[in-house]
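Peer 1: structure for the following, please:
(one chain, ligands or ions: 2)
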Amino acid sequence: MAIYVYTTEQMRALERAADAAGHSYAEMMEEAGAAVARVIHMLWPAEETRVVVLAGPGNNGGDGLVAARFLAQAGFSVTAFLWKRPEQDQQAEQARATGVAIFPAEEDLHRLQRAIERAHIVIDALLGTGLNRPIEGTLADILKIVQEEQKRSRQFDDAPLVWFTEDPSFSIKIPHRLSVVAVDIPTGINSDTGAVDPATVPADITITFAGPKVGQLLSPAATMQKAIIVADIGIPEAVKEASPAIAELVTPALAATLLPERSLLGHKGTFGRVLIIGGSVNYPGAPGLAAMAALRSGAGLITLGVPDLVAMALAPKQDLTNCTWLMLPHDLGALKPDAIKVLADEIPAYDALVLGPGLGQEEMTFAFVWALLGLRAHVAPRPSGIGFIKEHATPEPEAPTLPPTVIDADALNALAAFDEEWAPRLPPNHFVLTPHPGEMARLCGVEPSYVQANRLQLAQQKAQEWQQTVVLKGAYTIIAAPDGHVSVSPFATPVLATAGTGDVLAGLIGGLLAQGLAPYDAARLGVFLHGLAGRLLADEYETDRGVLATEVAQWLTHAISALANIAGE
Ligand SMILES: NC(=O)C1=CN([C@@H]2O[C@H](COP(=O)(O)OP(=O)(O)OC[C@H]3O[C@@H](n4cnc5c(N)ncnc54)[C@H](OP(=O)(O)O)[C@@H]3O)[C@@H](O)[C@H]2O)[C@H](O)CC1
Ligand SMILES: [K+]
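Peer 2: Ligands and ions are numbered 1, 2, ... in the order given. As a prediction, the model looks like this:
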């Protein structure tokens, strides 16, 4: 079952289409509230848990009151406070009938405060996707009470992620005393832009309906929600498949379908050969990390094309004893255009390249990258003209035809530094570009803040303009295809925000390319497995701090094996 990411307007259209297909708004609200109650019931014991539901004027508040009813029926002690909502509406009446105590919030904020002080769970059902202006007045006061109480309660280290069933496979850590559970989206988050109202209370768990709303996955909203659980509200699959969405979430089920098949009769040639080109005296480790990940991806043979002094440093490292080596010409540890001569003979033997990890930013290294990509025939430095002897320039050999290639790190910076248009000179749909926001900003000639504010649209637009797959890294990494399709990673793991994890991702995608995946699919699967490895490590250590990139590379094997289990759920 595919899960899509929606804009607010697309979500409304989806609901309309579901309603027209016979799945009414009332039924959707019933299922939404029931899903919220199920998730809570799964994580907390009914008898000992006091729940406060804060219900606003619209359908979000309606969902909250349906949840209140189901929770009361399950034995939870439930109190609901209504803000701008009549006490006599159907949801309130039904909730009251099951034993939910209901009060108007406006008239007695002291009572609300006392209830929250005693509560284990606050359900935020004040506003959902209907938010249309800044929060002020009583609503701001209510949220402030929750926020103050939340601050007094223990916080926990838990990496954000979007999960796709109501039973998250990963431990969701329950804070010591007070948890905030948001219905659909925390009140104050703009579901299109990801802007956050200052009054917004961060949610420990958000239960979102049908699919994430795009704003939830963008900055700064992404930092206000820990686990986001996608709940099914019964919208028929056919309606979903026929309705527009802005992106697709990479679910385990999707990732599992992308895993390359392994022939029992396979040998190292069958599983693909990867050549990693990078490394410099200042960054000897980066190509090694890429190679470790390529090894763990299941590719058959990994070669490191690096300066000899980098090879000397890396060759004894545990995993890298499994690699072969290609010494490339360099000057003082930085690759130079002469390397093309060596590579021209070697490259035809490889199924994929990874270009960039640890290259450095020397001018001659950039010239090497341009020449390798066929952007500009390198012209050897002129011998200094003596007397009347004519200066001459020696053109280097033609750039070899490259197999599918990951362009990462300083190879991206080399592209950004190229003074003409590079995109039209590259064969289309043949490369995976893996920029972090800073590299993306340089490639596009914009500020990093612009990249972050427009992550999805920018990646989509550039992938189409460049006709290559673009992986825009960061929380909820975006993968954009040349044909306009966009996928989003469900992981926002801070584990992966440490030095070297980008090299791991590049090597992993390279390994998947070598096994025959198309660039967009190699990128989607690579991003998913990388995020899953990070998440598994965070669970293992019970913290997302202090995890090394080498460990992420090593855990890719665990991620691949875990994928088979998770995908079956
Ligand atoms: N996704 C689905 O299929 C389903 C979603 N459901 C839930 O519905 C909400 C969206 O419900 P909606 O009624 O459209 O909107 P809200 O409940 O978020 O907001 C209600 C009204 O609140 C007012 N508003 C907006 N911003 C503010 C503000 N800053 N301060 C005060 N009041 C505000 C606004 O009305 P006005 O007339 O005052 O402008 C909103 O209309 C979705 O999030 C889901 O939870 C369905 O229940 C199930 C199907
Ligand atoms: K909400």
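
Peer 1: in the biggest helix by length in the chain, what's buried?
Peer 2: Ordering each helix of the chain by length in residues (DSSP state H) puts helix 519-541 first. Of the residues in helix 519-541, 519-539 count as buried by neighbour count, 16 or more other CB atoms under 10 Å. All C-beta atoms are positioned from the backbone trio N, CA, C, and that covers glycine.

Peer 1: and residue 180, which of the three is it?
Peer 2: Classification of residue 180 using DSSP: H, G, I helix; E, B strand; the rest coil returns strand.

Peer 1: what about it, how many residues nearby?
Peer 2: By other CB atoms under 10 Å, the residues close to residue 180 number 25.

Peer 1: still on that earlier bit, packing partners of the longest helix of the chain?
Peer 2: The criterion is 3 or more CB pairs under 8 Å, 6 or more residues apart in numbering; DSSP states H and E, and the helices and strands that helix 519-541 contacts are helix 252-258, strand 431-433, strand 469-472, strand 478-480, helix 501-514, helix 549-554, helix 556-567.

Peer 1: can you tell me which of these is packed in deepest?
Peer 2: helix 501-514 (a mean of 31; mean count of other CB atoms under 10 Å).

Peer 1: show me what it is packed against.
Peer 2: strand 273-277, helix 285-296, strand 352-355, strand 405-407, helix 409-417, helix 519-541, helix 549-554.

Peer 1: let's see it at 7 Å
Peer 2: strand 273-277, helix 285-296, strand 352-355, strand 405-407, helix 519-541, helix 549-554 (3 or more CB pairs under 7 Å, 6 or more residues apart in numbering; DSSP states H and E).

Peer 1: please, where are all the helices along the stretch 101-250 of the chain?
Peer 2: Assigned helices in the stretch 101-250 of the chain, in chain order: 109-118, 137-152, 237-242 (criterion: DSSP state H, counting those that start in this stretch).

Peer 1: which one of those helices lies nearest to ligand 1?
Peer 2: helix 137-152 (5.4 Å; CB to the nearest ligand atom).

Peer 1: by contact count, what packs against the closest one?
Peer 2: helix 109-118.

Peer 1: what lies in contact with stretch 226-236?
Peer 2: Outside of stretch 226-236, the residues within contact range by CB atoms under 7 Å, 6 or more residues apart in numbering are 3, 14, 18, 21, 23, 27-28, 31-32, 35, 39, 158, 160-164, 166, 168, 172, 204-212, 216.

Peer 1: can you pull the residues of the chain lying near ligand 1?
Peer 2: 11, 15, 28-29, 32, 56-63, 127-135, 139, 183-184, 209-210, 233 (CB under 6 Å from any ligand atom).

Peer 1: and whichever strand or helix holds residue 451, what's its mean pLDDT?
Peer 2: Element membership for residue 451 (DSSP states H and E) is helix 448-453. Mean pLDDT, helix 448-453: 94.

Peer 1: figure out how far the one helix or strand in the chain whose mean pLDDT sits lowest is from the centre of its chain.
Peer 2: Within the chain, no helix or strand scores below strand 161-163, which has a mean of 74 by mean pLDDT, DSSP states H and E. The chain centre lies 10 Å from the centre of strand 161-163; the measure is CA atoms, centre = their mean, to the nearest Å.

Peer 1: run through who's touching it.
Peer 2: Here strand 161-163 has contacts from 212, 227-230, 249, 490-492, 535, using CB under 7 Å, 6+ apart.

Peer 1: skipping its backbone neighbours, what lies nearest the residue of the stretch 401-550 of the chain found nearest ligand 1 in space?
Peer 2: Closest approach between the stretch 401-550 of the chain and ligand 1, counting by CB to the nearest ligand atom: residue 488, at 17.8 Å. Distances taken as CB to CB, 6 or more residues apart in numbering put residue 247 closest to residue 488, at 4.9 Å, once the chain neighbours are dropped.

Peer 1: and for residue 140?
Peer 2: residue 199 (4.7 Å).

Peer 1: beta partners of whichever residue of the stretch 201-350 of the chain sits closest to ligand 1?
Peer 2: Nearest to ligand 1, among the residues of the stretch 201-350 of the chain, is residue 209, at 4.1 Å (CB to the nearest ligand atom). Beta bridges link residue 209 to residue 231 when assigned by DSSP bridges.

Peer 1: over stretch 92-99, what's the mean pLDDT, rounded is fine.
Peer 2: Mean predicted lDDT for stretch 92-99 stands at 98.

Peer 1: quick one: the residue nearest to residue 140 from ligand 2, how far?
Peer 2: Distance of residue 199 to ligand 2, given as CB to the ion, to the nearest Å: 12 Å.

Peer 1: circling back: which ones among the contacts of strand 161-163 are found in strands?
Peer 2: 227-230, 249 (DSSP state E).

Peer 1: got the contact list for the closest residue to residue 179 other than its chain neighbours?
Peer 2: Nearest residue to residue 179, sequence neighbours excluded (CB to CB, 6+ apart): residue 204, at 4.5 Å. Residue 204 makes contact with 175, 179-181, 226, according to CB under 7 Å, 6+ apart.

Peer 1: by pLDDT, give me the weakest of those residues.
Peer 2: Among the contacts of residue 204, pLDDT bottoms out at residue 175, giving 59.

Peer 1: before we move on, the earlier item: and ligand 2, which of the buried residues of helix 519-541 contact it?
Peer 2: The subset of the buried residues of helix 519-541 within reach of ligand 2, by CB under 5 Å from the ion, is empty.

Peer 1: circling back to that earlier point, surely the residue nearest to residue 140 is in contact with residue 224?
Peer 2: No. Look at residue 199 against residue 224 with CB atoms under 7 Å: they stay out of range, at 11.4 Å.

Peer 1: confidence score at residue 154?
Peer 2: Here the pLDDT value assigned to residue 154 is 61.

Peer 1: show me the contacts for residue 296.
Peer 2: When contacts are counted by CB under 7 Å, 6+ apart, residue 296 touches 553-554, 556-557.

Peer 1: can you pull the pLDDT of the closest residue to residue 17 other than its chain neighbours?
Peer 2: Spatial nearest neighbour of residue 17, chain neighbours left out: residue 239 (4.9 Å); criterion: CB to CB, 6+ apart. Looking at residue 239, its pLDDT reads 98.

Peer 1: the helices in the stretch 301-450 of the chain, which residues?
Peer 2: Going by DSSP H, counting those that start in this stretch, the stretch 301-450 of the chain shows helices at 308-314, 339-346, 363-372, 409-417, 437-444, 448-453.

Peer 1: can you put these in TSV and add distance to residue 468 and mean neighbour count?
Peer 2: Formatted as TSV, these follow (distance: least, CB to CB, whole Å; neighbours: other CB atoms under 10 Å):
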stretch	distance to residue 468	mean neighbour count
helix 308-314	27	19
helix 339-346	21	17
helix 363-372	15	22
helix 409-417	10	24
helix 437-444	11	20
helix 448-453	17	17
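
Peer 1: next, format those as CSV and append distance to ligand 2.
Peer 2: Conversion of the helices of the stretch 301-450 of the chain to CSV gives the following (distance: least, CB to the ion, whole Å):
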stretch, distance to ligand 2
helix 308-314, 51
helix 339-346, 55
helix 363-372, 48
helix 409-417, 39
helix 437-444, 28
helix 448-453, 23
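
Peer 1: could I get those as TSV with distance to residue 356?
Peer 2: Output for those, formatted as TSV (distance: least, CB to CB, whole Å):
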stretch	distance to residue 356
helix 308-314	14
helix 339-346	14
helix 363-372	8
helix 409-417	3
helix 437-444	10
helix 448-453	19
